[in-house]
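Enquirer: Would you be able to build a 3D model of this:
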Amino acid sequence: MLRFAACQYVFPLCPDWAAYAAHLEDCVAEGARDGASLLLLPEYAAMALTGLLPGEERGDLHHSISALQPLIPQWLELCENLARRHQIHFCPGSAPVLDEDGIYRNRAFLFGPEGLIGHQDKIIMTRFEREQWFIGAGVEGLEVFETAIGRLGILICYDNEFPMLARHLAEREVDLVLAPSCTDTEAGAHRVRIGAQARALENQFAVLVSPTAGKAPWSPAVDENFGRAALYVPSDYGMPPDGIFAQSPRMFTDTRCWLGGEIDLSGVRALRTQGQVALFRDWPEQFLL
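Expert: Next up, the predicted model:
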């Protein structure tokens, strides 16, 4: 059984590094309190670090991510230490990371009890990222993370709305997709929800969503946030008929909350061969038309 916790994350405004570190340590301790072995934070969760910058810097869309870069190694070290200390698998969400080619990429990291496991870049950029923020698409493809809790994949926010990305992970026998998200409208939150639930249905695997929530008026990048933490599964034997294994109570909140639960991923995996339907098996037939 996998005990999971997905955060509906509200950005804090921290005056200095010590305050931010205390915030993240408290956040992780809260998520791991009931014995969760997997914790997920949302897309662009690292933008909380821009709160440490002077007001004129954090209030500038483009300067905020360039000024963020020196803080990222320290953030990653903190995240790794938290994963080791709590003996958890921990995805602290994503950060805009400046690569050697001069392009920023939206990168999610995954840590385990023994340290860094790897990272996944967002593959397809939203209009805001592409046209206003100038975040570039990932070029390394999709990773599959072999872990003690199962075979994991990561699809960041918008990537969940594209069926072939999830199919690529399904064909590599992923058990659970982590879906950190950040949406600034209810419509965006619903798009991620519908996409994530559809991907769970089509591929007969589970999708865990962690969204940003509440308001951060000091940041032009993550100033308003809607979303609902959830775990989606196929609508089939042994699973909830609506495919919603668990979800947080509200789409908008100004208070951080964790969605926790326990799931047998082997039961989800078995649906591919023993389910009422065989969506994973029958997928190729649609291309015969």
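Enquirer: The stretch 101-250 of the chain: strands as residue ranges?
Expert: For the stretch 101-250 of the chain, the strands defined by DSSP state E, counting those that start in this stretch occupy 104-112, 115-121, 135-136, 145-147, 150-154, 176-181, 206-215, 224-225, 230-232, 244-247.
Enquirer: Out of these, which is closest to residue 266?
Expert: strand 150-154 (8.8 Å; C-beta to C-beta). Where you see a C-beta, it was placed from the backbone N, CA and C, and this is true even at glycine.
Enquirer: residue contacts, the residue nearest to residue 254 when sequence neighbours are not counted?
Expert: Leaving out its chain neighbours, the residue that sits closest to residue 254 by C-beta to C-beta, 6 or more residues apart in numbering is residue 214, at 4.2 Å. By C-beta atoms under 8 Å, 6 or more residues apart in numbering, residue 214 lies in contact with 10, 11, 225, 252, 253, 254, 255.
Enquirer: Residue 231 now?
Expert: 4, 6, 206-209, 244-247, 259, 261, 263.
Enquirer: repeat for residue 285
Expert: Contacts of residue 285 (C-beta under 8 Å, 6+ apart): none.
Enquirer: Surely it is in a helix?
Expert: Yes: counting by DSSP: H, G, I helix; E, B strand; the rest coil, residue 285 is found in a helix.
Enquirer: tally of neighbours for the closest residue to residue 217 other than its chain neighbours?
Expert: Spatial nearest neighbour of residue 217, excluding adjacent residues (C-beta to C-beta, 6+ apart): residue 223 at 5.5 Å. For residue 223, the count of nearby residues is 13 (other C-beta atoms under 10 Å).
Enquirer: Give me the pLDDT for residue 223.
Expert: On the pLDDT scale, residue 223 is placed at 94.
Enquirer: same deal with residue 255?
Expert: 88.
Enquirer: That one contacts residue 12, doesn't it?
Expert: No: counting by C-beta atoms under 8 Å, residue 255 stays clear of residue 12, with 11.4 Å between them.
Enquirer: which of these two has more neighbours?
Expert: Between residue 255 and residue 12, counted using other C-beta under 10 Å, residue 12 has the larger neighbour count: 17 against 9.
Enquirer: How about the contacts made by that one?
Expert: 19, 20, 23, 48, 51.
Enquirer: rerun at 7 Å
Expert: Contacts for residue 12 (C-beta atoms under 7 Å, 6 or more residues apart in numbering) come out as 23, 48, 51.
Enquirer: nearest to residue 76, of the residues you listed?
Expert: Distance to residue 76, by C-beta to C-beta, is smallest for residue 48 among these, at 14.1 Å.
Enquirer: From what I see, the residue nearest to residue 217 and residue 216 are in contact.
Expert: Yes: using C-beta atoms under 7 Å, residue 223 is in contact with residue 216, at 5.6 Å.
Enquirer: What's the separation between the closest residue in space to residue 168 that isn't next to it in sequence and residue 48?
Expert: Spatially, and ignoring its direct neighbours in sequence, residue 168 is nearest to residue 142 (5.5 Å; C-beta to C-beta, 6+ apart). Noted for residue 142: a distance of 26 Å to residue 48, by C-beta to C-beta, to the nearest Å.
Enquirer: Neighbour count: the two, which is higher?
Expert: Comparing residue 142 with residue 48 by other C-beta under 10 Å, the one with more neighbours is residue 48, at 25 against 18.
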